[in-house]
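Engineer: Could you look at this predicted model? Sequence included:
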Amino acid sequence: MNFDYHYGNQYFNYYDNIGIKSVKYNTMAPEQSQSSQPGKEYLMIPRPVFDNPEYIGSNKLKDKVAIITGGDSGLGRAAAIAFVKEGACVVIPYYDEYEDAEETKQYIENMGGKCLLLSGDISEKTFCEKIVAETLKEFGRIDILVNNAGVQYQQDDLLCITDEQFDRTMKVNIYGMFYLTREVLPYLSSGASIINLTSVTTFYGDPQLIDYVTTKGAIVGFTRALARNLALKNIRVNAIAPGFFWTPLQPACWVKEKIPSLGSSSAMARGAMPYELAPTFVFLASDDSSYMTGQVIHNNGGEIMG
């Protein structure tokens, strides 16, 4: 069976042995799963749409340097592409998604942009030190930090969460963010921006993502406290709480039967493609949000309101 995504249309087409049938746009993808975290984008069906060809940059980030953890795929890739369109150079730390990372770098270079790839484990302090050192060596400055990398595991209840899973979720989602932010901070100047990725799940308490939700709630607290701490230095700290976006994290987390219905509980009754979040990253990274700090922006199709 083939499964094709048509940019801009409100439906997908399934092609099977019976014939062709149309499915409403709120079905993002057919049943599928991946066996490792945080997932591989090149294996997804359909492939996520990370670039909107109608988005034209206007040098909002001209000559800026951005570190985007997990920028090889998913929401991080969409942010990286948009940042480059706005004139930034990007550094992409990633885990082991080598095919995705190389594809992202090639895409950026074909646009005329600059991209530095760094493979390693964000939960290890030494790798965070390497990220900063290599960024300064390559570009000489750091202006934007996007703490995007993360893992999530579906479990039916608390008793199913092993010590090993809990430890891994905490270390990647919290320790990695803490280590890298602390390492970057001495090199940020007035006007710099830190963007942290939390999640809609922490605002309604997803019962099958208890450890993940815990980390995403901590990110909200970290964002607000750090924003107050850095406000007088004119370093802004904000967060984004995405709803369901079609990224590698989804098939790597959920049982395959749940994939087609993800996002359908939102008011818009659909999930979203990564490119739909890209302008929010640009807004928070640029001077367009110069009077905004300590905030959480909710891009969730109306799943959580207020």
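Structural biologist: Done, it's in.

Engineer: Where do the strands of this protein begin and end?
Structural biologist: In the chain, strands defined by DSSP state E lie at 2-5, 11-15, 20-24, 65-68, 89-94, 115-119, 144-147, 193-197, 236-242, 296-299, listed in chain order.

Engineer: Report pLDDT for the residue nearest to residue 179 when sequence neighbours are not counted.
Structural biologist: Leaving out its chain neighbours, the residue that sits closest to residue 179 by C-beta to C-beta, 6 or more residues apart in numbering is residue 128, at 4.1 Å. Glycine gets a C-beta too; all of them are placed from N, C-alpha and C. pLDDT recorded at residue 128 is 98.

Engineer: Show the contacting residues for residue 128.
Structural biologist: 122, 176, 179-180, 183 (C-beta atoms under 8 Å, 6 or more residues apart in numbering).

Engineer: Over to residue 227?
Structural biologist: Residue 227 sits next to 236-238, 293-294 when contact means C-beta under 8 Å, 6+ apart.

Engineer: if we can go back for a sec, kindly reformat the strands of the chain as JSON lines and extend each row with mean pLDDT and distance to residue 56.
Structural biologist: Formatted as JSON lines, the strands of the chain follow (pLDDT from 0 to 100; distance: least, C-beta to C-beta, whole Å):
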{"stretch": "strand 2-5", "mean pLDDT": "40", "distance to residue 56": "22"}
{"stretch": "strand 11-15", "mean pLDDT": "39", "distance to residue 56": "27"}
{"stretch": "strand 20-24", "mean pLDDT": "41", "distance to residue 56": "30"}
{"stretch": "strand 65-68", "mean pLDDT": "98", "distance to residue 56": "19"}
{"stretch": "strand 89-94", "mean pLDDT": "98", "distance to residue 56": "18"}
{"stretch": "strand 115-119", "mean pLDDT": "98", "distance to residue 56": "20"}
{"stretch": "strand 144-147", "mean pLDDT": "98", "distance to residue 56": "20"}
{"stretch": "strand 193-197", "mean pLDDT": "98", "distance to residue 56": "21"}
{"stretch": "strand 236-242", "mean pLDDT": "98", "distance to residue 56": "22"}
{"stretch": "strand 296-299", "mean pLDDT": "97", "distance to residue 56": "21"}
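
Engineer: Point out the one among those that comes closest to residue 158.
Structural biologist: Nearest to residue 158 among the strands of the chain is strand 236-242 (23.0 Å), distances taken as C-beta to C-beta.

Engineer: In contact with residue 259, which residues?
Structural biologist: Taking C-beta under 8 Å, 6+ apart, we find residue 259 in contact with 28-33, 250-251.

Engineer: farthest pair in those residues?
Structural biologist: Among those, 28 and 33 lie farthest apart (C-beta to C-beta), at 14.5 Å.

Engineer: Neighbour count: those two, which is higher?
Structural biologist: Here residue 28 and residue 33 are compared on neighbour count by other C-beta atoms under 10 Å; more neighbours surround residue 28, at 24 against 15.

Engineer: tell me the pLDDT at the residue positioned nearest the centre of the chain?
Structural biologist: Centroid check for the chain by C-alpha atoms, centre = their mean gives residue 75 as the closest residue, at 3.4 Å. pLDDT, residue 75: 97.
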